[in-house]
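*Asks:* The amino acid sequence is not available; the structure is as follows:
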């Protein structure tokens with residue numbers, strides 16, 4: 001048994017893809033701990049692991065979100081103190097529990113990696129595809145797994161880093177109960193709309209809500225569902241008049257509803273894109289930040305849906321793309337990509353790679369272990 005520490009960015013999209021790996025490790029008898037926000041405690045415990053709060057003050061009745069935790073780490077002085085604070089937290093937890101193996105979010109590694117961790121006992125993971133504009137190595141010469149099949153990448157931008165490995169989609173667990181979604185479904189074709197937990201940062205959010213509302217007015221034959229996961233979203237939505245064929249809810253069981261959706265209007269976060277592909281639901285991507293524009297271009301390149309970028313977003317083009325999606329324009333491409341995704345999900349490449357690392361760590365006293373580790377990190381990409 002090994003004691004394993006998982007350190008994700010404290011956001012849902014960075015935690016969900018790690019849960020399948022965590023369940024596998026716990027089933028194998030390993031002791032897994034997450035260092036993250038207490039907001040995710042129930043998810044982590046359901047996977048068999050335990051949670052160590054990112055800040056000791058987080059253990060009260062209130063369970064702040066990852067965004068709130070990240071703000072607390074900055075502590076009013078911008079970003080200058082955050083690296084030192086996080087490094088100190090990592091030192092404390094390592095001294096406290098002496099973990100033998102660490103799974104670290106690559107976005108944290110670039111800035112916050114604490115060099116007290118032995119690189120031979122460290123594996124990075126990425127919940128987004130590599131940035132096309134960064135041609136140099138951004139992975140500290142450490143083995144990195146990308147929780148997405150390589151087939152979703154645009155061929156000319158597939159990175160050949162020898163220590164970077166595309167693996168399975170690693171989809172988040174299904175919704176707890178199908179009954180959570182039953183009340184949202186009726187006989188009308190369903191258009192699911194969701195823009196992720198980070199949409200609160202989008203200054204154009206109100207304009208996007210108005211655009212979706214206008215689309216629902218134009219298409220009364222469809223039922224529209226909009227997920228607004230933060231109270232601030234309701235503030236943005238308060239000035240929008242939603243038609244009777246549109247429902248706005250704080251939370252929606254997205255995976256359940258994708259099984260019934262005719263089309264998915266999304267921000268283009270990789271987690272949502274992977275779930276749509278797994279359900280073979282055509283996408284209309286309205287990206288706003290980070291990797292979302294790149295994912296929108298990937299969706300369009302592979303014929304999995306359409307994309308509207310900020311500079312040319314209008315109701316007529318949105319209506320055309322939704323109509324194309326519902327009428328089956330993207331169906332054949334989606335089914336091919338779905339087949340690849342589900343086959344790789346069953347193969348669980350990440351489990352084999354991590355097991356290889358752990359076997360090397362557990363036998364680190366054996367002569368020639370450095371060569372064994374190098375061999376273990378060079379598994380072929382699918």
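*Replies:* Right, received. Where do you want to start? Predicted model only: the values in this text are computed from it and were never measured.
*Asks:* any idea whether residue 244 is helix, strand or coil?
*Replies:* The three-state label given to residue 244 by DSSP: H, G, I helix; E, B strand; the rest coil is coil.
*Asks:* And the pLDDT at it?
*Replies:* For residue 244, the model assigns a pLDDT of 91.
*Asks:* Show me the helices in the stretch 101-250 of the chain, by range?
*Replies:* For the stretch 101-250 of the chain, helices defined by DSSP state H, counting those that start in this stretch occupy the ranges 106-112, 179-182, 205-218, 231-237.
*Asks:* list the buried ones in the third one?
*Replies:* Within helix 205-218, the residues that qualify as buried are 205-206, 208-217, counting by 16 or more other Cβ atoms under 10 Å. C-betas here are computed from N, CA, C, even on glycine.
*Asks:* So which elements touch it?
*Replies:* Counting contacts by 3 or more Cβ pairs under 8 Å, 6 or more residues apart in numbering; DSSP states H and E, helix 205-218 packs against strand 223-227, helix 231-237, strand 246-249, helix 315-326.
*Asks:* Pipe those into a markdown table and attach distance to residue 160 and mean neighbour count per row.
*Replies:* Below are these laid out as a markdown table (distance: least, Cβ to Cβ, whole Å; neighbours: other Cβ atoms under 10 Å):
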| stretch | distance to residue 160 | mean neighbour count |
| --- | --- | --- |
| strand 223-227 | 37 | 22 |
| helix 231-237 | 40 | 15 |
| strand 246-249 | 43 | 17 |
| helix 315-326 | 34 | 17 |
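*Asks:* just the strands in the protein please.
*Replies:* Shown for the chain, the strands assigned by DSSP state E span residues 3-7, 31-36, 50-53, 101-105, 122-126, 144-146, 164-166, 190-194, 223-227, 246-249, 261-266, 283-285, 305-307.
*Asks:* which residues touch the last one?
*Replies:* Looking back up the chat, that one is strand 305-307. Residues outside strand 305-307 that contact it (Cβ atoms under 8 Å, 6 or more residues apart in numbering) are 263-264, 268, 276, 282-287, 296-297, 299-300, 321, 324-325, 330.
*Asks:* try the second one
*Replies:* Applying Cβ under 8 Å, 6+ apart, the external contacts of strand 31-36 come out as 1-8, 10, 15, 22, 25-26, 40, 44, 47-52, 54, 66, 69, 89-90, 93, 97, 99.
*Asks:* if you skip the residues just before and after it, what's nearest to residue 192?
*Replies:* In space, residue 192 comes closest to residue 261 once its chain neighbours are excluded; the distance is 4.3 Å by Cβ to Cβ, 6 or more residues apart in numbering.
*Asks:* what sits against that neighbour?
*Replies:* Residue 261 touches 190-192, 279, 281, counting by Cβ under 8 Å, 6+ apart.
*Asks:* one step back: need the helices and strands packed on helix 205-218 in CSV (columns: distance to residue 157).
*Replies:* Listed next are the helices and strands packed on helix 205-218 as CSV, based on distance: least, Cβ to Cβ, whole Å:
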stretch, distance to residue 157
strand 223-227, 30
helix 231-237, 33
strand 246-249, 36
helix 315-326, 24
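*Asks:* Out of these, which is closest to residue 360?
*Replies:* Taking Cβ to Cβ as the criterion, strand 223-227 is the member of these that comes nearest to residue 360, at 42.4 Å.
*Asks:* Check which helices and strands the closest one is in contact with.
*Replies:* Secondary-structure packing of strand 223-227 (3+ Cβ pairs under 8 Å, 6+ apart): strand 190-194, helix 205-218, strand 246-249.
*Asks:* Neighbouring strands of that strand in the sheet, and parallel or not?
*Replies:* According to DSSP bridges, strand 223-227 forms sheet pairs with strand 190-194 (parallel), strand 246-249 (parallel).
*Asks:* Am I right that residue 313 is in contact with residue 287?
*Replies:* No: between residue 313 and residue 287 there is no contact under Cβ atoms under 8 Å: 10.0 Å.
*Asks:* more neighbours, those two?
*Replies:* Taking neighbours as other Cβ atoms under 10 Å, residue 313 and residue 287 compare with residue 287 leading, 23 against 15.
*Asks:* quick one, what contacts the more buried one?
*Replies:* Counted by Cβ under 8 Å, 6+ apart, residue 287 has contacts 267-268, 293, 295-296, 307, 309-310.
*Asks:* pLDDT value on it, please?
*Replies:* pLDDT for residue 287: 92.
*Asks:* Then residue 77?
*Replies:* 57.
*Asks:* Break the protein down into its domains, please.
*Replies:* With domains defined by automatic domain parsing, the chain comprises 3-168+348-376, 179-341.
*Asks:* Out of the ones you listed, which gets the lowest mean score?
*Replies:* Among the domains of the chain, domain 3-168+348-376 carries the lowest mean pLDDT, a mean of 79.
*Asks:* hang on, residue 129 packs against residue 146?
*Replies:* Yes: under the criterion of Cβ under 8 Å, residue 129 makes contact with residue 146 at 6.4 Å.
*Asks:* I'd like the distance from stretch 255-272 to the chain centre, please.
*Replies:* 13 Å (Cα atoms, centre = their mean, to the nearest Å).
*Asks:* Then stretch 352-364?
*Replies:* Chain-centre distance of stretch 352-364: 25 Å, with Cα atoms, centre = their mean.
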